[in-house]
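# missing the sequence, but the structure's below:
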């Protein structure tokens, strides 16, 4: 694999790992269990709560920042809100990734800049470090 491909793969996997942690935290917050299957309909129902939770837009299927906001707002709705600073940081870290990551990166041939990889890696590590608290 060429250097550009390795960089792109790193960026893709850092973003994907963060996406899965955010979605997992959402479903855990609504009562999901570790061995429970999450079906496409479950994800659609979650995304459809955007208006009720007073979000400005419906999160896309792989919208990391949108799912982060959905998670923060859903927890507040369930009366298990994060402390304000934690919720804000969670959304900020997701937005850092969302600015540089899309799920279709695996089909691309561009070479991300090192600073882009570093930013996404750092944000992804934030999700890894704070996952138990999410």
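Yes, it's here. As the structure is a computational prediction, the values presented were derived from the model and not from experiment. Residues are numbered from 1 along each chain as shown.
# Mind jotting down where the strands sit in the chain?
With DSSP state E as the definition, the chain shows no strands.
# Now the one helix or strand in the chain whose mean pLDDT sits lowest: buried residues?
Every helix and strand in the chain was compared by mean pLDDT, DSSP states H and E; the lowest is helix 3-29, with a mean of 90. Burial within helix 3-29, assessed by neighbour count using 16 or more other C-beta atoms under 10 Å, is assigned to 7-8, 11-19, 21-27, 29. Where C-beta positions appear, they are placed from N, C-alpha and C, glycine not excepted.
# show me where pLDDT drops low in the chain?
1-4, 105-108 (pLDDT under 70).
# Which parts of it are helices?
Along the chain, counting by DSSP state H, helices occupy 3-29, 40-47, 64-77, 84-98, 114-130.
# chain center to the last one: distance?
Computed by C-alpha atoms, centre = their mean, to the nearest Å, the separation of helix 114-130 from the middle of its chain amounts to 12 Å.
# Just name whatever secondary elements it is in contact with.
Contacts defined by 3 or more C-beta pairs under 8 Å, 6 or more residues apart in numbering; DSSP states H and E place helix 114-130 against helix 3-29, helix 84-98.
# re the thing from before, among the helices of the chain, which comes closest to residue 56?
helix 64-77 (8.8 Å; C-beta to C-beta).
# buried stuff in that closest one?
For helix 64-77, the neighbour count (16+ other C-beta under 10 Å) marks 64, 65, 66, 67, 68, 69, 70, 71, 72, 73, 74, 75 as buried.
# would you turn those into JSON lines with distance to residue 41?
Listed next are these as JSON lines, based on distance: C-beta to C-beta, whole Å:
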{"residue": "64", "distance to residue 41": "21"}
{"residue": "65", "distance to residue 41": "23"}
{"residue": "66", "distance to residue 41": "18"}
{"residue": "67", "distance to residue 41": "16"}
{"residue": "68", "distance to residue 41": "21"}
{"residue": "69", "distance to residue 41": "21"}
{"residue": "70", "distance to residue 41": "16"}
{"residue": "71", "distance to residue 41": "19"}
{"residue": "72", "distance to residue 41": "23"}
{"residue": "73", "distance to residue 41": "21"}
{"residue": "74", "distance to residue 41": "17"}
{"residue": "75", "distance to residue 41": "22"}
